[in-house]
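>>> Starting from these lines, generate the structure:
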Amino acid sequence: MARSFIPYRRTLKPRSQALRRDPSPAERKLWYEFLRDLPAKFTRQKPLGHYIADFYCSRYRLVVELDGDSHYTEGAKRYDDRRTVELEAEGIRVVRFTNTDVMWNFEGVCVEIRRILDANP
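Here you go, the predicted structure:
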């Protein structure tokens, strides 16, 4: 059974706070125009284990990641894959969208997130 509290490296806290202060345009749009007003509470830049999740809903154990250009190198893809495996081992589902998805297909991204939330009991 998955733990309710996910321990994290305390050294990630200042970095997560800095990321909350300076979100990417896609993160800002998704947060202010959709996620922050959902009944399912999401947090931004949440430290989980050895990583910082862009958005995390503890009730549904769901991480929403927005991938920008830096995620498309081979090293970044390996890192993201490793992070996904470790989070899934904690019982957390990881869903990824590109920044382009959010900026140009915002409604589709929102529909997909809502579908995932509605599919969970």
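
>>> Helices of the chain, residue ranges please.
With DSSP state H applied, the chain shows helices at 13-21, 25-33, 74-89, 99-104, 106-119, listed in chain order.

>>> Run the chain-centre distance for the longest one.
This points to helix 74-89. Mean-position distance between helix 74-89 and its chain equals 13 Å (CA atoms, centre = their mean, to the nearest Å).

>>> Now do the buried residues in stretch 53-71.
When burial is assessed from 16 or more other CB atoms under 10 Å, stretch 53-71 yields the following buried residues: 53-58, 60-67. Every residue, glycine included, has its C-beta placed from N, CA and C.

>>> show me the residues around the most centrally placed residue in the chain that make contact.
Nearest to the mean C-alpha position of the chain, by CA atoms, centre = their mean, lies residue 64 at 2.9 Å. Applying CB atoms under 8 Å, 6 or more residues apart in numbering, we find residue 64 in contact with 30, 35, 42, 53-57, 95-97, 113.

>>> how does it look with 7 Å?
With contacts taken as CB atoms under 7 Å, 6 or more residues apart in numbering, residue 64 has the following neighbours: 54-55, 95, 113.

>>> Now pLDDT too, for the residues you listed, in CSV please.
As requested, the contacts of residue 64 are exported to CSV (pLDDT from 0 to 100):
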residue, pLDDT
54, 95
55, 97
95, 96
113, 98
